[in-house]
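Student: Got a sequence here, can you build the structure:
(one chain, ligands or ions: 1)
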Amino acid sequence: MRTLKLASLLAAAAILLAAQTRRTLDIYWIDVEGGASTLIIAPSGESLLVDTGFPGNDDRDAKRIQAAAVAAGLTKIDNLVITHFHGDHVGGLAALSKAMPIGKIWDHGESIEASQPNGAMLWQNYLAAAGNKRKVVKPGDKIPLAGVDITVVSANGEVIAKPMKRGFVNELCEGAERKPTDNTENSRSTGFLLTYGKFTFLDVGDLTWDREMMLACPTNKIGEVSLMQATHHGFSNGQSGAPALIWSLKPQVVVVNNGARKGFSNGGYETLAKIPQVEGIWQGHKGAMNDADHNTSDDMIANLEEGAADKGNWIKASVSSDGKFTVTNNRNKFSKTYTSR
Ligand SMILES: [Zn+2]
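Tutor: Alright, predicted model coming up:
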C-alpha cells in the first residue's frame with residue numbers, strides 16, 4: 001500500500017518535472033487568418049508572444065492564442081512583442097489581456113499613424129491595454145528570454161547599424177530593385193533574430209521592401225538563417241520581399257502566415273521558391289488567389305478552408321539543442337525534420 005502511494009507520487013513528480021524542464025524551443029504560428037501571432041516558448045519554459053492578431057470576430061484571435069498557450073502548457077504570457085500598431089498585429093491585445101496574464105510588453109515606440117483616425121484608435125487602445133508594462137526597444141537591443149538570444153534588428157524605421165557576427169558582403173545588391181521609402185507603421189516593424197545553438201529564427205513583422213534593403217545591402221547584416229517567417233504575410237504583393245534580402249538570408253525553412261486572401265500571391269511564392277537551397281515552405285492558409293503551382297503541397301498548409309469552415313490550425317516548430325528542428329502541421333500531423341546548417 002505504502003509502496004503504491006510512493007510510486008504514484010513519484011510518477012506525479014516526474015510529470016511535473018517534465019513540464020518544468022522542457023527540452024525543446026517551440027514556436028507556434030497561430031492562425032489569425034492573415035494577421036500575425038507567433039508564440040515562442042524557450043527550453044526554460046519562459047514564453048514570448050509576437051503580435052496578437054485581429055480584434056472582433058467574437059474575440060476569435062485572442063481565443064486561438066489562449067488555446068495554443070494552454071496546449072503549450074502555459075498559464076501566462078511572460079513577454080509580448082507588438083511589431084507595429086496595425087489592427088492585424090495589435091488588435092487582439094485587449095481581449096487577450098483579459099483572458100491571460102501578460103508580463104512585459106515590448107514595442108518600437110509611438111505609432112507613426114497616431115494622428116490618423118484608425119491609427120489613433122489602435123494606438124489609444126494599445127496604451128490602455130499595455131499600461132505600465134511597456135518597454136521600448138531599438139535596433140541592437142536584446143529582449144531577454146531565458147536560454148535563447150534575441151537581438152532586435154529593426155524598430156521604428158531603423159535597422160542595426162553594424163552587421164551581426166554572421167553578416168557578409170552581399171553579392172545580390174548590385175542592380176537590385178529599390179522601392180520608395182515607406183512611411184506607414186509597416187516600416188516601423190520591430191524585427192528580431194532569435195538564436196538557439198546553431199538554429200536561428202528571423203521575424204521582422206511587416207517590414208517593407210525599403211527597410212529590407214537596409215538590412216540586406218551592401219552587407220547582409222543578419223547572415224544566413226535556419227527559419228524565417230515570411231515578411232508581411234508573404235510579401236503583400238511586392239510591398240515586402242526584396243530578393244536581395246530573402247535570397248541572401250537563405251532560410252532553410254519559411255513559414256508564411258498568410259490569410260486565404262491576404263498577403264500571399266503567385267509572385268510571393270516565386271520569391272520563396274527561388275531561395276537557394278530552400279528545404280521547406282509552410283503556409284498558414286492555402287492561398288485562394290494563387291494558382292495551383294504557387295501554393296506549397298497541401299500537407300504543409302495548416303488551413304485549406306476559409307471563412308466559417310476555417311478551423312484555426314497552427315504550424316509548430318520544435319527545435320532541439322543539437323540544431324535539429326521538426327515542423328508539424330496541426331491539421332494532419334504531417335511533419336518534417338530539418339538540420340540547422
Ligand atoms: Zn500585417
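Student: Please make it C-alpha for all contacts and neighbour counts, starting now.
Tutor: Noted.
Student: which residues of the stretch 151-300 of the chain fall in strands?
Tutor: The residue ranges that make up the strands of the stretch 151-300 of the chain, judged by DSSP state E, counting those that start in this stretch, are 158-159, 168-169, 191-196, 199-203, 219-220, 227-229, 253-256, 280-285.
Student: Would you convert the ones you listed into TSV that also reports mean pLDDT and distance to residue 76?
Tutor: Shown next, in TSV, are these (pLDDT from 0 to 100; distance: least, CA to CA, whole Å):
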stretch	mean pLDDT	distance to residue 76
strand 158-159	98	31
strand 168-169	98	39
strand 191-196	98	21
strand 199-203	98	22
strand 219-220	98	36
strand 227-229	98	24
strand 253-256	98	25
strand 280-285	98	24
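Student: winner for burial among the ones you listed?
Tutor: Comparing the strands of the stretch 151-300 of the chain by mean neighbour count (mean count of other CA atoms under 10 Å), strand 280-285 comes out on top with a mean of 26.
Student: Tell me where the model's unsure across this structure.
Tutor: Low-confidence segments of the chain, defined by pLDDT under 70, are located at 1-22.
Student: what about the helices in it?
Tutor: In the chain, the helices defined using DSSP state H lie at 2-20, 60-71, 87-90, 93-99, 117-130, 209-216, 232-235, 243-249, 266-273.
Student: among those, which is the most enclosed?
Tutor: Of all those, helix 232-235 has the most neighbours on average by mean count of other CA under 10 Å, namely a mean of 28.
Student: So which residues make contact with it?
Tutor: 34-36, 205-208, 240-241, 256-259, 262-265, 268-269 (CA atoms under 8 Å, 6 or more residues apart in numbering).
Student: Of the strands of the stretch 151-300 of the chain, which is nearest residue 103?
Tutor: For the strands of the stretch 151-300 of the chain, the distance to residue 103 is smallest for strand 191-196, at 19.0 Å, taking CA to CA.
Student: Figure out how far that closest one is from the centre of its chain.
Tutor: Averaging C-alpha positions (CA atoms, centre = their mean, to the nearest Å) puts strand 191-196 10 Å from its chain's average.
Student: elements contacting it?
Tutor: Taking 3 or more CA pairs under 8 Å, 6 or more residues apart in numbering; DSSP states H and E as contact, the helices and strands that strand 191-196 lies on are strand 149-155, strand 199-203.
Student: Now stretch 144-160 - C-alpha only, PDB.
Tutor: What follows is stretch 144-160, C-alpha atoms only, in PDB (Å, rounded to 0.1, in the frame of the first residue of the first chain):
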ATOM      1  CA  PRO A 144      15.700  38.700 -22.500                       C
ATOM      2  CA  LEU A 145      14.300  35.200 -22.900                       C
ATOM      3  CA  ALA A 146      16.000  32.600 -20.700                       C
ATOM      4  CA  GLY A 147      18.000  30.100 -22.700                       C
ATOM      5  CA  VAL A 148      18.000  31.900 -26.100                       C
ATOM      6  CA  ASP A 149      19.400  35.100 -27.600                       C
ATOM      7  CA  ILE A 150      17.000  37.600 -29.100                       C
ATOM      8  CA  THR A 151      18.600  40.600 -30.800                       C
ATOM      9  CA  VAL A 152      16.400  43.400 -32.200                       C
ATOM     10  CA  VAL A 153      17.400  44.000 -35.800                       C
ATOM     11  CA  SER A 154      14.800  46.600 -36.800                       C
ATOM     12  CA  ALA A 155      12.500  49.000 -35.000                       C
ATOM     13  CA  ASN A 156      10.800  52.400 -35.600                       C
ATOM     14  CA  GLY A 157      12.100  52.600 -39.200                       C
ATOM     15  CA  GLU A 158      15.700  52.000 -38.300                       C
ATOM     16  CA  VAL A 159      17.900  48.900 -38.600                       C
ATOM     17  CA  ILE A 160      21.000  47.700 -36.800                       C
END
